[in-house]
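**Student:** After the sequence you'll find the predicted model.
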Amino acid sequence: MQLSKKVALVTGAAQGLGKGCAEAILERGAKVALLDTNESVGQETAAAFAQKYGTDMCTFVLCDVTDKGQLEGAFQQVVDRFGGLDLVVNNAGILNEFEWEMCVNVNFVSVVRGCHLGLHYMGKQNGGKGGLIVNVASIAGLYAFPSIVYAATKAGVVGLTRSLGMEYKLGRDGVRVNALCPSFTVTAFLTEAKAPDEDLQQMKGMIERGGGLLQISDVVKGFVKLLDDDDKNGAVLEVTLEGLKYLGYESGPWDRE
């Protein structure tokens, strides 16, 4: 996707992977709105980006993605400020097995809503120009994982992405939808994870057996690949220490001869 003079919106963008994705977008000449609940860190990140890339290139929007009104208002605010929308990155996520309803709302419900809002503002059937949605899932959505609710939400994001990526939907809306599935990554996400001790110990063992943690820069490489590969739609990109790999999937019985 050619990003020069385009407009992007990234959720969970104050720090970590969201911040890394936002900077990759800025480096390619697009304007970026950073959505997050952490106002102090978000404002600091936006100020640093503004100093580096230009004061008119970045803005911070305080937004709880689980609040329908706030998320809708944030999208409208971005469109009003920058004059349009071309790229949506649904990145916000948590791991909280104790407050599992919140985990579902942050990781899945907000992503569904973010996709609907992206299609509303970018979809050709609504007068938009088309665009791209990148949903940040996880390898936990692809394989068995100790934290069951977190895994279920990320599997839901993968299924959502593949289904929104059906060709007839692209023909109607002109919006491609792809998913990024990174392995364990060095972010505050891991230190803030809330789950039973036995789950956390299992994850620690998985990290050790897998060779360690990805750096944010490793995952951003995968994100950039999704930006650059214009032929991908409904695609799922796995990011591990072994590298980047697009994952295929079985067609349904309705597609078999």
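**Tutor:** Happy to help now that I have it. Numbers count the residues shown, from 1 in each chain.

**Student:** Enumerate every residue touching residue 37.
**Tutor:** 62, 63, 64 (C-beta atoms under 8 Å, 6 or more residues apart in numbering). Just so you know, the C-beta spots here come from the backbone N, C-alpha and C atoms, and that holds for glycine as well.

**Student:** so which of these is the most crowded?
**Tutor:** residue 63 (27 neighbours; other C-beta atoms under 10 Å).

**Student:** For the worst-scoring helix or strand of the chain on mean pLDDT, name the packing helices and strands.
**Tutor:** In the chain, no helix or strand scores lower on mean pLDDT, DSSP states H and E than helix 188-191, which sits at a mean of 78. Identification of packing neighbours for helix 188-191 by 3 or more C-beta pairs under 8 Å, 6 or more residues apart in numbering; DSSP states H and E yields helix 16-27.

**Student:** So which of the contacts of residue 37 belong to strands?
**Tutor:** The strands, defined by DSSP state E, take in residue 62 from the contacts of residue 37.

**Student:** where in the protein is pLDDT low?
**Tutor:** Applying pLDDT under 70 to the chain picks out residues 249-251, 255-257.

**Student:** Grab the longest helix from it for me.
**Tutor:** Ranked by residue count under DSSP state H, the longest helix found in the chain is helix 148-164.

**Student:** and that helix, which residues are buried?
**Tutor:** By 16 or more other C-beta atoms under 10 Å, the buried positions in helix 148-164 come out as 149-162, 164.

**Student:** Also stretch 62-75?
**Tutor:** Those would be 63, 64, 65, 66, 70, 71, 74, 75, for stretch 62-75 by 16+ other C-beta under 10 Å.

**Student:** follow-up on the earlier one: of all pairs in the buried residues of helix 148-164, which one is the farthest apart?
**Tutor:** Largest separation among the buried residues of helix 148-164 by C-beta to C-beta: 149 and 164, giving 22.4 Å.

**Student:** what's in contact with the least confident helix or strand of the chain?
**Tutor:** Contacts for helix 188-191 (C-beta under 8 Å, 6+ apart): 15, 16, 17, 93, 94, 95, 184, 213.
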